[in-house]
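Colleague: let me see the structure of the following:
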Amino acid sequence: MADSNVIIDEYWEPAKNVDFWKAVRKSEADIAVDDTVLSEVRRKTGSTKDAIIEKITRSFKRPVIIDDCQEVNEDARRMNERYCYLHNGDDKILAATKKAGAILVSNDRKFLVSGTLEGVQCYSVKIFVKKCILGVVKKWRSS
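Modeller: Alright, predicted model coming up:
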């Protein structure tokens, strides 16, 4: 799952994450987003949900949409209490990533630390790209 900032960068600085999108395509991974990521990107870019999905589709391919459920919301509340340094919305993104068994890609160090403590496989964009080049990151399959 890509952090909202990775997708926001795609709007404002498309050349910034070219290597990331290439690495994701090479790994044959799916890009997963949830309602929290979409609403955060929508708020910061002024784009509609459909426009955001279209932008991701043009950069990569159609994203897998993860719906927030009661279990995700409860886990997010717990994480919010446990990790007071998480930004608003990151708790839901982390909970959805954990529930989906996905990999978290973000450049927010505190977010990555929280994910690691929760048992989620986490990478910065730079490390994710390196691991994809080496063939370490495998395709995530939604269940």
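Colleague: switch to C-alpha atoms for all contacts and neighbour counts from now on
Modeller: Fine.
Colleague: who touches stretch 27-38?
Modeller: Stretch 27-38 is contacted by residues 1-4, 24, 49, 52, 61-68, 89, 92-93, 96, 102, 132, 135, 137-141 when judged by C-alpha atoms under 8 Å, 6 or more residues apart in numbering.
Colleague: swap that for stretch 77-89, sorry
Modeller: Residues outside stretch 77-89 that contact it (C-alpha under 8 Å, 6+ apart): 36-37, 40, 91, 95, 110-111, 114.
Colleague: what's the PyMOL line that selects buried ones from those?
Modeller: Buried subset of those, written as a PyMOL selection, criterion 16 or more other C-alpha atoms under 10 Å:
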select buried, resi 36+37+40+91+95+111+114
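Colleague: quick check, nearest of the contacts of stretch 77-89 to residue 18?
Modeller: Nearest to residue 18 among the contacts of stretch 77-89: residue 37, at 19.8 Å, using C-alpha to C-alpha.
Colleague: rewinding a little: filter the contacts of stretch 27-38 down to the ones in helices?
Modeller: Among the contacts of stretch 27-38, the ones falling in helices (DSSP state H) are 4, 24, 49, 52, 92-93, 96, 132.
Colleague: just the buried ones from the residues you listed?
Modeller: Buried members of these, scored by 16+ other C-alpha under 10 Å, are 4, 24, 52, 92-93, 96, 132.
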